[in-house]
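In: for reference, the sequence and a predicted model appear below.
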Amino acid sequence: MDTVSSWILPVFYGGLGNLAAYLAAHVLLCLLPAFFIAGAMAALIPKETVTRFLGRNSSKAVSYPAAAAAGSLLAVCSCTIVPLFAGIYKKGAGLGPAITFLFFAPAANILALVYTGGIIGPDLAIARFVLSLIFGIGIGLIMALIFRADDVAHDLATDSPFAARGGG
């Protein structure tokens, strides 16, 4: 038993150490900049612009492709997109376009497509783009349909001039 524990414990502790180092680096190099970008987006992009292109009442033919296009420019992973999603959703984006942004950005951003095309091949990069677009828009449309009552309430809440203050 002693020889097993003398072999397993260092491996276990080494794994824990690597996990802690990865999490520390990920938080500093990915999540922290994502929060700054989300804050800059919330502060610098006017609400009218967000609602015009990504709002609940804007044309689906405009809002869903615009959400995918905005997501394709950000080279982010699936966890660093969450603060950006929250920022545009709180700014007045409809649930469907915001969900499209949430799903499409990590799956088919410009960096992911270049890596996929360079390593696996351009045909898979094209397939990744097309399927990510179909699934991102599809999931956004389904979520907007399922949660349309909540989306209407959210839309009314963001129209209030004091919505950004937390309702105090």
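Out: Sure thing, it's come through.
In: need the contact partners of the helix or strand encompassing A112.
Out: Here A112, judged by DSSP states H and E, is contained in helix 110-119. Surrounding helix 110-119, the residues in contact under the criterion CB atoms under 8 Å, 6 or more residues apart in numbering are S72, L73, A75, P106, L124, A125, R128, F129. For glycine as for every other residue, the C-beta is placed from the backbone atoms N, C-alpha and C.
In: swap in 10 Å and give it another go.
Out: Where contact means CB atoms under 10 Å, 6 or more residues apart in numbering, the residues beyond helix 110-119 that reach it are 71-77, 105-109, 122-129, 132.
In: only alpha carbons, please: show it as PDB.
Out: What follows is helix 110-119 as a C-alpha-only set of coordinates in PDB (Å, rounded to 0.1, in the frame of the first residue of the first chain):
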ATOM      1  CA  ILE A 110     -11.600  34.100 -37.300                       C
ATOM      2  CA  LEU A 111      -8.800  32.400 -35.300                       C
ATOM      3  CA  ALA A 112     -10.600  29.100 -35.000                       C
ATOM      4  CA  LEU A 113     -11.300  29.100 -38.700                       C
ATOM      5  CA  VAL A 114      -7.700  29.900 -39.700                       C
ATOM      6  CA  TYR A 115      -6.400  27.200 -37.400                       C
ATOM      7  CA  THR A 116      -8.900  24.600 -38.600                       C
ATOM      8  CA  GLY A 117      -8.100  25.500 -42.300                       C
ATOM      9  CA  GLY A 118      -4.300  25.400 -41.700                       C
ATOM     10  CA  ILE A 119      -4.200  22.200 -39.700                       C
END
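In: just say helix, strand or coil for L74.
Out: Classification of L74 by DSSP: H, G, I helix; E, B strand; the rest coil places it in coil.
In: can you offset everything so residue one is 274?
Out: All set: I'll call the first residue 274, so the last point we hit is now L347.
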